[in-house]
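Asker: would you be able to build a 3D model of this:
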Amino acid sequence: METITFTPALYKQRYQMVLELVERYKARKVVDLGCAECTLLSRLKFCSCVEVLVGVDTDLELLKEKMYRLSPLPCDYLQPRGSLLTVRLYHGSVAVKDSCMLDCDFVSCIELYVFIVAKGIIVN
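Answerer: Residues are numbered from 1 along each chain as shown. Just a heads-up that it's a prediction; the model follows:
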């Protein structure tokens, strides 16, 4: 069986597409569903149009372990943003309605792993 290789890696292409869309539409409040690694959020914090970043994930331990990626860097103090950035992480599920999702300009779920159960068969 032939191995298919993506260059750059497929996850990097997905992240880049989200970044381009956020910048194109000047999204101010951006939510990432399934954000446990905080990788996409850590890249989005450099988009100048973003004022509020919200991450939601079901894995609380992973959120606690990876949230450091969203801390300010030394360069953030040397060259401050034009506007303030608020970052919020929530332990929750995409399946539960939550007020943190109100007034969002952009919602990403590129790392969301969803099980669909139909007639006893699990499809992912």
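Asker: mind listing what's buried along stretch 4-19?
Answerer: Within stretch 4-19, the residues that count as buried by 16 or more other CB atoms under 10 Å are 15, 18-19. Glycine gets a C-beta too; all of them are placed from N, C-alpha and C.
Asker: hey, which helix or strand in this protein has the poorest pLDDT?
Answerer: Sorted by mean pLDDT, DSSP states H and E, the helices and strands of the chain end with strand 121-123, the least confident at a mean of 49.
Asker: residues in contact with F106?
Answerer: Residues near F106 by CB atoms under 8 Å, 6 or more residues apart in numbering: 21-22, 25, 27, 29-31.
Asker: oops, could you answer that again for K26 instead?
Answerer: Here K26 is in contact with 49, 105 (CB under 8 Å, 6+ apart).
Asker: try 10 Å this time
Answerer: By CB atoms under 10 Å, 6 or more residues apart in numbering, K26 lies in contact with 47-50, 105-106.
Asker: how far away is Y25 from C104?
Answerer: 12 Å (CB to CB, to the nearest Å).
Asker: T5 too?
Answerer: From T5 over to C104 (counting by CB to CB), the distance is 35 Å.
Asker: tell me which residue is most central in the protein.
Answerer: Centroid check for the chain by CA atoms, centre = their mean gives D32 as the closest residue, at 3.2 Å.
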